[in-house]
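Colleague: With the sequence up front, the predicted model follows.
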Amino acid sequence: MVRKTYIILTICGVAAIITAVILGLNFSKNGTDETVSTETIPPKTVPIEPSNCEMPWEWNVIYVDYSIDWNDIGTDIKAATDACFNVIIISFWISGRLADAAQVWGQTMSEEQRQSALDYAHQHGARVILAGGGATENIENKVASHEGREYGKLLAQDAVKYGFDGVDFDLELKPGNNQPFYDGTMQEFLLAASHAAREVLGPNRVITHAPQAPYLGTWAGPGFGYTELMKDPSCEIDFVSIQFYNQCKTCYDTFDNLMIDGDLDGEGDKDHLNSLTGESAVKQMIENGIPPNKIVIGKPIAATGYANNGYVTPENLHDWGCQISEDPSFKGWKGGFMTWMYRKGSADVANFGKKVAQKC
């Protein structure tokens, strides 16, 4: 999700297996007949204390990438935690290489510094997880080569090695390339990666994904991409931080086209009938079978400098979230919010984190 200017994704589910059978793909969760050895992986037993922020949502998520203290991001994790974020995603792991904040965490900080940052986060109700992928991952070749199992295993093993509370898959196809959804290879990759990661991480660490909104709608094929996988009750993804931004100038920027119908414009008219935003508003995702509280609404942290479009003020996000949480048609949604991205020393961090976390 680095410097987002295009669409992203991730997945889990039974309907996709049907697709795979039709296409003749190997759609076992491992992607092979092998299993991932976890004999040397210790279980995650550190308790996460209740958050000091009594927010009405399950999750308040922020990405930490390059605007950081390049000697010790413990100060940045503390700032994000103090701003009421309870999932802090450290970016990026790129096919085994650590970059940006992840590089500082793994190669510059001492084990004592890492543990101090984790202790502070845990004592204040927050998790710190490792993001894999990003815009420079060039995932197409790995998808075509059916490397999902190996990818998920290696990411999870490094997350455990460096003490993280879980992993986030941020896997981007090239702009406009939805063919891997149509031929089933993306679904195969994501299922295998998620299952391999869960085998390594065990039940107590989290697995998240960062799809952009069109990856859960008509743009991603007849099964609506992620949707056909997320609606499976056995899905191993804890939640998806959906990026409702960087799509078009009038996409996902009003209550109606963010929450009700992705094809609506700012005046309630159906003007996005171009297959990009169809079936990709929050209510449509819920109606199509995604569990409400696995849907986390992602937005840029401020109006400029973070995304090309899609900004909504944190005050409006909070109010809209409260509105849909009380609407029976949203089936009890309390998934919460995600933002791109943390910027060291910026008032935007607390402005977003604390405002969306206020009680309804």
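Modeller: Yes, it's here.
Colleague: Every contact and neighbour count from this point should use C-alpha atoms.
Modeller: OK.
Colleague: show me where pLDDT drops low in the chain?
Modeller: The chain contains residues with pLDDT under 70 at 1-46, 265-274.
Colleague: Find the residue at the geometric middle of the chain.
Modeller: Residue closest to the average C-alpha location in the chain (C-alpha atoms, centre = their mean): A210, at 2.8 Å.
Colleague: Quick one: distance of stretch 49-62 to the chain centre.
Modeller: Offset of stretch 49-62 from its chain centre (C-alpha atoms, centre = their mean, to the nearest Å): 16 Å.
Colleague: and it, which residues are buried?
Modeller: By neighbour count with 16 or more other C-alpha atoms under 10 Å, stretch 49-62 contains the buried residues 51, 53, 55-62.
Colleague: ditto for stretch 145-162
Modeller: Applying 16+ other C-alpha under 10 Å to stretch 145-162 flags 146-160, 162 as buried.
Colleague: One more: stretch 137-144?
Modeller: 137-140, 142-143.
Colleague: ditto for stretch 211-230
Modeller: Neighbour counts over stretch 211-230 (16+ other C-alpha under 10 Å) mark 211-221, 223-230 as buried.
Colleague: about what we covered before: from the buried residues of stretch 137-144, which two are the most distant?
Modeller: Taking C-alpha to C-alpha, the two most distant members of those are E137 and V143; they sit 11.5 Å apart.
Colleague: joint contacts of those two?
Modeller: Residues touching both E137 and V143 by C-alpha atoms under 8 Å, 6 or more residues apart in numbering: none at all.
Colleague: those strands in this protein, which residues are they?
Modeller: Secondary structure of the chain, counting by DSSP state E: strands at 59-64, 87-94, 97-98, 127-133, 166-170, 206-209, 239-243, 295-300, 336-340.
Colleague: got these as a markdown table, with distance to L191 columns?
Modeller: Formatted as a markdown table, the strands of the chain follow (distance: least, C-alpha to C-alpha, whole Å):
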| stretch | distance to L191 |
| --- | --- |
| strand 59-64 | 23 |
| strand 87-94 | 19 |
| strand 97-98 | 22 |
| strand 127-133 | 15 |
| strand 166-170 | 11 |
| strand 206-209 | 12 |
| strand 239-243 | 14 |
| strand 295-300 | 18 |
| strand 336-340 | 23 |
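Colleague: So which of those is nearest F255?
Modeller: Among the strands of the chain, strand 295-300 comes nearest to F255, with 12.3 Å by C-alpha to C-alpha.
Colleague: So in that sheet, which strands flank that closest one, and in what orientation?
Modeller: strand 239-243 (parallel), strand 336-340 (parallel) (DSSP bridges).
Colleague: Now distance to H318 and mean neighbour count too, for those, in JSON lines please.
Modeller: Output for the strands paired with strand 295-300, formatted as JSON lines (distance: least, C-alpha to C-alpha, whole Å; neighbours: other C-alpha atoms under 10 Å):
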{"stretch": "strand 239-243", "distance to H318": "16", "mean neighbour count": "27"}
{"stretch": "strand 336-340", "distance to H318": "9", "mean neighbour count": "26"}
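Colleague: got CSV for these, with distance to A303 too?
Modeller: Formatted as CSV, the strands paired with strand 295-300 follow (distance: least, C-alpha to C-alpha, whole Å):
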stretch, distance to A303
strand 239-243, 15
strand 336-340, 11
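Colleague: so which of the ones you listed comes closest to L98?
Modeller: Closest to L98 of the strands paired with strand 295-300, according to C-alpha to C-alpha: strand 336-340, at 19.2 Å.
Colleague: Run the chain-centre distance for the closest one.
Modeller: Per C-alpha atoms, centre = their mean, the centroid offset for strand 336-340 relative to its chain is 9 Å.
Colleague: In CSV, could you pull the C-alpha coordinates for it?
Modeller: C-alpha atoms of strand 336-340 as CSV (Å, rounded to 0.1, in the frame of the first residue of the first chain):
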residue,chain,number,x,y,z
GLY,A,336,-14.0,0.3,12.3
PHE,A,337,-11.6,2.3,10.3
MET,A,338,-8.1,2.2,8.7
THR,A,339,-6.0,5.1,7.5
TRP,A,340,-3.0,5.6,5.3
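Colleague: which residues touch it?
Modeller: With contact meaning C-alpha under 8 Å, 6+ apart, strand 336-340 is reached by 57-63, 241-242, 293, 295-301, 306, 321, 356.
Colleague: And the strands paired with strand 295-300: which comes nearest A83?
Modeller: Using C-alpha to C-alpha, the strands paired with strand 295-300 put strand 336-340 closest to A83, at 12.3 Å.
Colleague: what is the orientation angle of the closest one with strand 59-64?
Modeller: Between strand 336-340 and strand 59-64, the angle comes out at 10 degrees (axes from the mean of the first three to the mean of the last three C-alpha atoms, to 10 degrees).
Colleague: just the angle between strand 336-340 and strand 87-94, please?
Modeller: Using the same axes, to 10 degrees: strand 336-340 against strand 87-94 is 40 degrees.
Colleague: burial count for the residue nearest to P291 when sequence neighbours are not counted?
Modeller: Of all residues not flanking P291 in the chain, K231 sits nearest, at 6.5 Å (C-alpha to C-alpha, 6 or more residues apart in numbering). Neighbourhood size, K231 [other C-alpha atoms under 10 Å]: 22.
Colleague: I'd like the distance between K231 and A159.
Modeller: 26 Å (C-alpha to C-alpha, to the nearest Å).
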